[in-house]
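# generate coordinates for the sequence data below:
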Amino acid sequence: MALPEPSLPSVASAPFDKPNADIILRSSDLVDFRTYKAILALASPVFEDMFDIPQPSSSAQDIHRESDLPIISVAESSVTLDHLLRRCYPMENPVVSNIADTVEVLEAAQKYQMKGATAQLSKSLLGFSQVATYPTYAIACKYGLEDAARAAAHVYWKRNKRCGLPSREPIVYVPEMDNISAGALYRLLRFCYGATDKKEFEFRPEARTRPAAPVVPLPPLASSHPFDKPSAKSDLLVQSSDGVHFHVVALLLALSSPVFAELIDQLPDTPASPGARILTVAEDSHMLLWILHFCYPMEDPEIPSDELENIVSVGRKYHLVRMTNAAKRMCGDLAITDALRAYLLAMREGWEEVANEAAKHAVYQRQDVYLPEMEDVTAEVYYQLLVYRWNCLKVICALSREHHTLDTLCTTHWSRSALYVTDPRPLVVVSSYGQLESVGFVSDTLQIRFGMLTVVAPFNGHSGIPAPAILGRYGSTIQNAVPQSHTLAEELKIALLEVCA
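Predicted coordinates for the structure are as follows:
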């Protein structure tokens, strides 16, 4: 059976069919674009560098058989390449009819660092902000197009402003948001509901600045037992970045970390002492001591909570399972005091149980804040938290309306009757028991205070709120069992129903 003939390249339409061209760009669908090195070099520093660097001898496949022109095969389709190259030529810019094609051309323009084409495509993207607000904003954020991001945000803001506050239009999650950070979604909400100076508002990620006060590095830590002196079994010297030596057993490091195992295998024996090899690491003596504690059969070290991010990073770098598990436990503890940070970190690392626990605590945070960790996870992660928080708060609102006269409800974050709205006033619910003063956690206990009446529910991460109790003005307690299968929202509803009965 004869094999099918391979497809032959076709020639692109004018002006990319000139016989006097000096280079051919071949698209992924085998269309040859005859163009000029000078034009490509002026439009793209990527092509300029390519032409300046001496190229190795071309094979027969890299040379056009009839014209002897060099061929550069590119990953873009002929449609994308046509739109891109026309923006490099002195001719009228082509019209891109849909947002998907605009993204394809924009990605190619950024790949080849074509600033002129990128600026033109950014203006084209502005035209989609009215009909595809959320995709336009997401695409603009992904490619760093500040003007397009602001235009889309303005459309969203004005649309909600016409409806009046609270907003009647929730944030709609679109697939394009998978490619932007939670920080980008936060900035959209902040722009619409918190920014007073919208002209100066920036949609670029906030720089991760260090504290204003200079950070004084810790002095080198002298190695302690059993790492302070050579022993009969220590056969490796590990040197920290600040010059401290630790005498260790290479086998323990290799068994704890495949990365250490590979690094040790690559070490040559020291000529003067064949059994004493030296491994230099990038971590300082404090971090190295913690690493060794996790590699040896020793108790886990006491690590400050502000070192959590470093512990996570180092555990990932060396594939240290025990160190990563310790970081996971630290993150779980952080969920009580800094729920949003713990949630973002847990979602980034894939710690689902810790993330779920942190999300429960985040429900009761009184305002939305920006955290640098938002830049490390997708917008979907933050969106899921906001929707979850809104669903929980909605239970409280519904029950208040059902059993009492609800005068006003407003929060200092943007979750309310749509999904997101801001209001500078505190959370207020007026009922026959008086004003709802607070909803929050105190010593692992959920407390909902209505004036002189307080709902107290012991909170457990696995079973939710198993036994809500009502504390009246005289301190009497009524225990009511709640099935452990209930979701947090259902458990809140049952707890509040006991108050309203």
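# alpha carbons of stretch 106-120, as PDB, please.
Once non-C-alpha atoms are left out, stretch 106-120 reads as follows in PDB (Å, rounded to 0.1, in the frame of the first residue of the first chain):
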ATOM      1  CA  LEU A 106      -1.300  39.100  20.500                       C
ATOM      2  CA  GLU A 107       0.500  36.100  21.800                       C
ATOM      3  CA  ALA A 108       2.700  35.900  18.700                       C
ATOM      4  CA  ALA A 109       3.400  39.600  18.900                       C
ATOM      5  CA  GLN A 110       4.600  39.200  22.500                       C
ATOM      6  CA  LYS A 111       6.600  36.100  21.600                       C
ATOM      7  CA  TYR A 112       8.600  38.000  19.000                       C
ATOM      8  CA  GLN A 113       8.700  41.200  21.200                       C
ATOM      9  CA  MET A 114       6.900  43.300  18.500                       C
ATOM     10  CA  LYS A 115       6.100  46.400  20.500                       C
ATOM     11  CA  GLY A 116       4.400  48.200  17.700                       C
ATOM     12  CA  ALA A 117       2.100  45.200  16.900                       C
ATOM     13  CA  THR A 118       1.400  44.700  20.600                       C
ATOM     14  CA  ALA A 119       0.300  48.300  20.900                       C
ATOM     15  CA  GLN A 120      -2.000  48.000  17.900                       C
END
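# what about the stretch 101-250 of the chain, any weak spots by pLDDT?
Scanning the stretch 101-250 of the chain with the threshold set as pLDDT under 70 gives 160-171, 207-224.
# and the helices in it?
Along the stretch 101-250 of the chain, the stretches classed as helices by DSSP state H, counting those that start in this stretch are 115-126, 133-142, 146-163, 182-193, 250-256.
# who touches the shortest one?
Counting contacts by Cβ atoms under 8 Å, 6 or more residues apart in numbering, the residues outside helix 250-256 that touch it are 235-236, 238, 260-261, 264, 277, 292, 294-296, 320-322. Every C-beta, even on glycine, is put in place using the N, C-alpha and C of the backbone.
# out of the residues you listed, the closest to Tyr143 would be?
Nearest to Tyr143 out of the contacts of helix 250-256 is Leu320 (Cβ to Cβ; 36.7 Å).
# check that closest one and give its pLDDT.
You'll see Leu320 listed with a pLDDT of 95.
# on that earlier part again, out of the helices of the stretch 101-250 of the chain, deepest packed?
Mean neighbour counts were taken over the helices of the stretch 101-250 of the chain using mean count of other Cβ atoms under 10 Å, and the top value, a mean of 25, falls to helix 133-142.
# could you check the angle that helix makes with helix 182-193?
120 degrees (axes from the mean of the first three to the mean of the last three Cα atoms, to 10 degrees).
# start at 31 instead
Fine by me, first position is 31 from now on; the one you just mentioned is helix 163-172.
# thinking again about what came up before, quick one, which of the contacts of helix 280-286 are buried?
The neighbour-count criterion (16 or more other Cβ atoms under 10 Å) marks 265-266, 268, 290-291, 294, 307, 322, 324-325, 350 among the contacts of helix 280-286 as buried.
# sitting in strands, which of the contacts of helix 280-286 do you find?
Judged by DSSP state E, the subset of these located in strands is 266, 268, 307.
# distance of the second one from Arg352?
Here the distance between Val268 and Arg352 works out to 17 Å (Cβ to Cβ, to the nearest Å).
# that older thread, quick one: which of the contacts of helix 280-286 is nearest to Ile54?
Within these, proximity to Ile54 (Cβ to Cβ) peaks at Ala291, which comes in at 49.0 Å.
# contact partners for the closest one?
Contact criterion Cβ under 8 Å, 6+ apart gives 283-285 as the residues in contact with Ala291.
# point out where the stretch 381-530 of the chain drops to low pLDDT.
Applying pLDDT under 70 to the predicted model, the residue ranges of the stretch 381-530 of the chain that meet it are 396, 423-530.
# what about 90?
Low-confidence segments of the stretch 381-530 of the chain, defined by pLDDT under 90, are located at 386-387, 389-399, 413-530.
# hey, where'd the strands end up in the chain?
For the chain, the strands identified by DSSP E occupy 40-41, 53-56, 61-65, 101-103, 266-269, 275-278, 307-310, 460-461, 464-472, 475-480, 483-488, 499-501, 507-509, in order along the chain.
# hmm, back to that, out of the helices of the stretch 131-280 of the chain, which is closest to Ile341?
It is, among the helices of the stretch 131-280 of the chain and with distance given as Cβ to Cβ, helix 280-286, at 14.9 Å.
# pull that closest one out as PDB, backbone CA atoms only.
Only the C-alpha atoms of helix 280-286 are listed here, as PDB (Å, rounded to 0.1, in the frame of the first residue of the first chain):
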ATOM      1  CA  ALA A 280      25.500  11.000  53.600                       C
ATOM      2  CA  LEU A 281      23.200   8.000  53.600                       C
ATOM      3  CA  LEU A 282      20.600   9.800  55.800                       C
ATOM      4  CA  LEU A 283      20.500  12.800  53.400                       C
ATOM      5  CA  ALA A 284      20.200  10.500  50.400                       C
ATOM      6  CA  LEU A 285      17.400   8.500  51.800                       C
ATOM      7  CA  SER A 286      15.500  11.700  52.900                       C
END
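# so Glu176 sits against Phe233, correct?
Yes - if you go by Cβ atoms under 8 Å, Glu176 and Phe233 touch, sitting 5.9 Å apart.
# quickly list what's touching both of those two.
Ala170.
# can you give me the neighbour number for Ala138?
The criterion is other Cβ atoms under 10 Å. On that basis, Ala138 has 22 neighbouring residues.
# thought it was touching Val109?
No - when contacts are counted by Cβ under 8 Å, Ala138 is not listed as touching Val109 (10.8 Å).
# so Cys222 sits against His184, correct?
No - with contact defined as Cβ under 8 Å, Cys222 does not count as touching His184 (9.1 Å).
# Tyr164 touches Asp208, doesn't it?
No - using Cβ under 8 Å, Tyr164 is not in contact with Asp208; the gap is 12.0 Å.
# any chance of the contacts of helix 280-286 in CSV with distance to Phe276 as columns?
Formatted as CSV, the entries for the contacts of helix 280-286 read as follows, by distance: Cβ to Cβ, whole Å:
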residue, distance to Phe276
Asp265, 13
Leu266, 9
Val268, 5
Phe290, 13
Ala291, 17
Ile294, 14
Arg307, 13
Leu322, 6
Phe324, 13
Cys325, 11
Tyr326, 11
Leu350, 16
Val351, 21
Arg352, 18
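# Thr148: which of those is nearest?
Comparing those against Thr148 with Cβ to Cβ places Leu350 closest, at 42.2 Å.
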